[in-house]
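Colleague: Just need the structure, nothing else, for what follows:
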Amino acid sequence: MPSSVTRRRVRRRVVGSLGLLLAVGAAVIGLVQATPSPSGSDLDPHIASIMRKPEYRHAQWGLFRKDLDTGEVTQSGYPDQFFIPGSSAKLFSVSGAWHTLGGDHRFVTPIHAVGQRRGPTLDGDLDLVAQGDLTMGGRTRKDGTVAFTNLDHTYANDVPGATLTPQNPLAGIDRLARQVRDAGITRVNGDVVVDPRLFHPDLTLDPTPTPLIINDNLIDLLVSPGAEAGAPARLDWRPKVAPYQVTSSLRTVAAGRTANVDVSASPDGTRIRLTGTIAAGSAPVLRTAGIQDPNAFGRTALIEALQRAGVEVRADATGPNPAGRLPESYQGAPTVSRYTSPTYAQYAELILKVSHNLGANLAVCLMAADSGRSDCADGFPVLASFLDTAKVDREAVQLADGRGGNPVDRATPRALAQMLTYWQHTPQAERFRRSLPILGVDGTLADSCRGCPSRGKVFAKTGTMAGGDALNDRLAVSGETTAGYLETRKGHFAVFFAGVNGASTAHADIKGLLDVADDVADVAAYLQQSAAR
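Modeller: Numbering: from 1, shown residues only. You can find the predicted model right below:
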């Protein structure tokens, strides 16, 4: 059994008001009995064998499969029962934003010169008007696509093995600053202001989207072991923006020991400290700390980028964002810089592949903004209208966020299948399907079933909800799910859902959770194989 310290650490990381939503998604909780009797074809014996494992002695399973060519339901268990969708809800929110904005929509973030120009001097302000760009260039590859790793940095504090993309998180801000200099401005006698009026941050959405987002509103903290036991650990962090400072008392310990890296911060988040240990010879460990004031952070980042580009700003670089200086409109204020994002379809792929919670909640706010509203809650009527258009039974879906983390969120397997079916009958079918994690290939399904016959033939949004069972000193997996497409033969697909509710593990660490995730992925693989016979 783990030590009491380890047990406390596990509980701290996995227990929250709603339970931890891990990088493999969020939960579907079904009401299908542990030994299901689905209608349609007989249950594959491999699937039945998985369901009889000890971990599922008290669990409930659900299965659903529908052939898209014939419309025949070939596997069914309680298709019209409400399930807790967890990250499967991202199929609704991302689809709604994709339809509303368009897959080829690009976010154009401008900087306006507000005031009078005297040659290279601006007697006035530079105002960056935030447009809800999810990455501001911080993940954009040279070919314009959006980079991701299979275990995203946004999960670094909860799931071991999270990694960073190599792109500069400040790439878009740097480009904006260089364009200001290219426009002939070398001195700003006023201030630099972030205009965040696109929408109001909604604290009921967790994580909370903001109109300006840099590096997912996180500071990345990368720790590497020293040369030998006893040596200080090496630390790097990004993005480096004042007044944020990071210090570390981490020490290197003997090889083979488990890393123990804790992060604490000052009340305003600008003083970050790392403590603990890391084993000699081990891989680097990634942690993150939250940016508490994205507008102030973005303002400082832009002022520092302007200085690097050769533009002097008279105002202090640090301090609150002076939003009170913003004009009512920008009529007559020339645009001196603009950053254009990748397409929304690229952002949708990022959100779905890695189960990006901030991006999924942002989708709701973007639907509101597109309708001319500034309250994120006004995105839900837009989503409702889209679901009606897509012929999704709206009475079979309940949502209070975009990520699937709210206690009221519900969806039926049939409604999820209807959402997936909608895309299959649009010109965007392949584009949407390939934006989902692919079994054994990428995203949250990258490490599952790599050597099985179904590798590359299952395209699905995954989901996990887990928490610490303090009574039995173990992890309890409330739900694990996959929902998406099965390639039955080349160019032909079925929609499916597979989920388990109430699994118990024999472990107090993440191993048991990963075992359950692998089992559900295997069920999806067997569903594909049986459909392909």
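
Colleague: my read: residue 281 touches residue 253, true?
Modeller: No - in this structure, residue 281 is not within contact of residue 253 by CB atoms under 8 Å, at 10.7 Å. Glycine gets a C-beta too; all of them are placed from N, C-alpha and C.

Colleague: okay, those two: which has more neighbours?
Modeller: In this view residue 281 and residue 253 are compared by other CB atoms under 10 Å, and residue 253 has more residues nearby, 22 against 13.

Colleague: Go ahead and produce PDB holding the CA coordinates of stretch 349-356.
Modeller: Output in PDB follows, covering the C-alpha atoms of stretch 349-356 (Å, rounded to 0.1, in the frame of the first residue of the first chain):
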ATOM      1  CA  GLU A 349      -9.300  19.400 -33.500                       C
ATOM      2  CA  LEU A 350      -7.200  20.600 -30.600                       C
ATOM      3  CA  ILE A 351     -10.200  20.700 -28.300                       C
ATOM      4  CA  LEU A 352     -11.400  17.300 -29.300                       C
ATOM      5  CA  LYS A 353      -8.100  15.500 -29.600                       C
ATOM      6  CA  VAL A 354      -6.800  16.500 -26.100                       C
ATOM      7  CA  SER A 355     -10.100  17.200 -24.400                       C
ATOM      8  CA  HIS A 356      -9.300  20.900 -24.000                       C
END
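
Colleague: Excluding its own residues, what touches that stretch? List them.
Modeller: 21, 23-26, 87, 90-91, 94, 134-135, 139, 146, 148-152, 154, 216, 359-360, 363, 434-437, 442-444, 461-463 (CB atoms under 8 Å, 6 or more residues apart in numbering).

Colleague: Which residues does the helix or strand encompassing residue 430 contact?
Modeller: Assessed by DSSP states H and E, residue 430 sits inside helix 429-433. Contacts of helix 429-433 with the rest of the structure, by CB under 8 Å, 6+ apart, involve 95, 98, 103, 345, 348, 423-424, 426, 459, 484-485, 493.

Colleague: quick one on the thing from earlier: buried by neighbour count, from the contacts of stretch 349-356: which ones?
Modeller: The neighbour-count test (16 or more other CB atoms under 10 Å) marks 21, 23-26, 87, 90-91, 94, 134-135, 139, 146, 148-152, 154, 216, 359-360, 363, 435-437, 442-444, 461-463 as buried among the contacts of stretch 349-356.

Colleague: Those in strands, which ones?
Modeller: Among the buried ones among the contacts of stretch 349-356, the members found in strands (DSSP state E) are 461-463.

Colleague: With pLDDT added, can I get the contacts of helix 429-433 in CSV?
Modeller: Shown next, in CSV, are the contacts of helix 429-433 (pLDDT from 0 to 100):
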residue, pLDDT
95, 98
98, 98
103, 98
345, 98
348, 98
423, 98
424, 96
426, 97
459, 98
484, 98
485, 98
493, 98
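
Colleague: Same list (the residues you listed) but as a markdown table, adding secondary structure, neighbour count and distance to residue 72.
Modeller: Formatted as a markdown table, these follow (DSSP: H, G, I helix; E, B strand; the rest coil; neighbours: other CB atoms under 10 Å; distance: CB to CB, whole Å):
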| residue | secondary structure | neighbour count | distance to residue 72 |
| --- | --- | --- | --- |
| 95 | helix | 24 | 24 |
| 98 | helix | 24 | 28 |
| 103 | coil | 18 | 30 |
| 345 | helix | 18 | 31 |
| 348 | helix | 29 | 29 |
| 423 | helix | 23 | 19 |
| 424 | helix | 16 | 15 |
| 426 | coil | 13 | 21 |
| 459 | strand | 25 | 20 |
| 484 | strand | 28 | 18 |
| 485 | strand | 25 | 16 |
| 493 | strand | 24 | 13 |
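
Colleague: Mind putting these into TSV with distance to residue 114?
Modeller: Conversion of those to TSV gives the following (distance: CB to CB, whole Å):
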residue	distance to residue 114
95	38
98	34
103	34
345	34
348	34
423	43
424	48
426	42
459	47
484	48
485	49
493	52
